[in-house]
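In: Build the 3D model from these lines:
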Amino acid sequence: MCGLRTCFLCLVVAFCLLFGVSHATNESVCVLSDAPQQCSAFCLGALHPLCDQYAKSKQKEEIVKMIAESRAEQMELVNDMVKLTADSRTEQKKLANHSQEAMEKLIADSQAEQKELVNRSQEEMVKMIADSRTEQKEAMVKLIADSRTEQKEAMVKLIADSQAEQKKLLNVLAANITSTASKLESTLQEMPSTLLPVLHIGSRYYFIEYKEKSMTDAEKTCREKGGQLATFGNEDEFEAVTRNVNIYTYFWLGYRRNSKGEFETAAGNKGSFMKWESGQPDNIAGKENCVFLFNSHMYDWVCEGTYSFICQLDAV
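Out: As a prediction, the model looks like this:
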């Protein structure tokens, strides 16, 4: 379309030029003062928009062509990408199948090796246990034999040492009995009549003193005589003493209350036999820390009172 317009304009320009020259020749009258320049300017003015439109049309065609070519290239690139993806998936699938087969083979081989190793370990363990049992049995037999020999030798030595120690102890015991009997006889001879009567009960001697003294003085008197205030190991000793004293006399006994509230002897031993009166010990005001005997029963009492007392002396 643009080409037809251009051709038409060219024809118009040619016509104008010819028409102007003709009039100038024949009639010496020129319609246009400068026909070539004026016609050229007119034609250029008329052709300029057409040229611009033509240039834009050509540019548009080139753009459309470039877009088409770009789309074609993009489609080709997409197709290549799709093909590459399909090929990659195929390769991955092949690789996965191959890896799975290799893994299954590897697992099977590993299991077989483990089974073989377990069987071999079991056989070695059975052999090791058998060897260990044999060694243990031999060692045990040897140990028992050695132990019996050592025990026999130790027993013979122990019996010999024990017999020697027993002989020494018997000699010491005999000497102690002789010394104790001499001391006891001397004590009895030196003892004033106020300590009579003397009771021999079991392995002990009990001295009944009717002279009244404080608890502290009574303890001191008994120590000076080689004994201590009386305590009782059992009911037989207690009954034997109470049958031989005035039951209506108060007698200090060798018990004191300790920090725990328990009664113990001068040696720090807990009283093994104590026959309390009903309601005793009552520890009135928390000060009754000593014990006296009255009417065949025991009472707790303050230690400041003065009463008769009973001493004891062990025979051995």
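In: so what's the residue most central in space within the chain scoring on pLDDT?
Out: Centre of the chain computed as the mean C-alpha position; nearest residue by CA atoms, centre = their mean is Met125, 35.1 Å away. The per-residue pLDDT reported for Met125 equals 82.
In: by contact count, what packs against the strand or helix carrying it?
Out: Under DSSP states H and E, the secondary-structure element containing Met125 is helix 35-190. Contacts of helix 35-190 with other secondary structure elements, assessed using 3 or more CB pairs under 8 Å, 6 or more residues apart in numbering; DSSP states H and E, are made with helix 2-26. Any C-beta I mention is one placed from the backbone N, CA and C, and that applies to glycine too.
In: Mean confidence (pLDDT) on the helix it packs on, please.
Out: Confidence over helix 2-26, taken as the mean pLDDT, stands at 53.
In: quick one, longest strand in the protein?
Out: Scanning the chain for the longest strand, with DSSP state E as the assignment, gives strand 204-214.
In: Buried residues, the next helix or strand after it. List them.
Out: On the C-terminal side of strand 204-214, the nearest following helix or strand under DSSP H and E is helix 215-224. Residues of helix 215-224 classed as buried under the neighbour-count rule (16 or more other CB atoms under 10 Å) are 215, 218-219, 221-222.
In: how far off strand 204-214 does helix 215-224 point, in degrees?
Out: Helix 215-224 and strand 204-214 are oriented at 140 degrees to each other (axes from the mean of the first three to the mean of the last three CA atoms, to 10 degrees).
In: on that earlier part again, let me know the closest of the buried residues of helix 215-224 to Thr265.
Out: Using CB to CB, Glu219 comes nearest to Thr265 of those, at 11.2 Å.
In: Quick one: residues contacting that closest one.
Out: Under the criterion of CB atoms under 8 Å, 6 or more residues apart in numbering, the contact partners of Glu219 comprise 228-229, 254, 266.
In: hmm, 7 Å instead?
Out: Applying CB atoms under 7 Å, 6 or more residues apart in numbering to Glu219 gives the contacts 229, 266.
In: With that, I have no additional questions.
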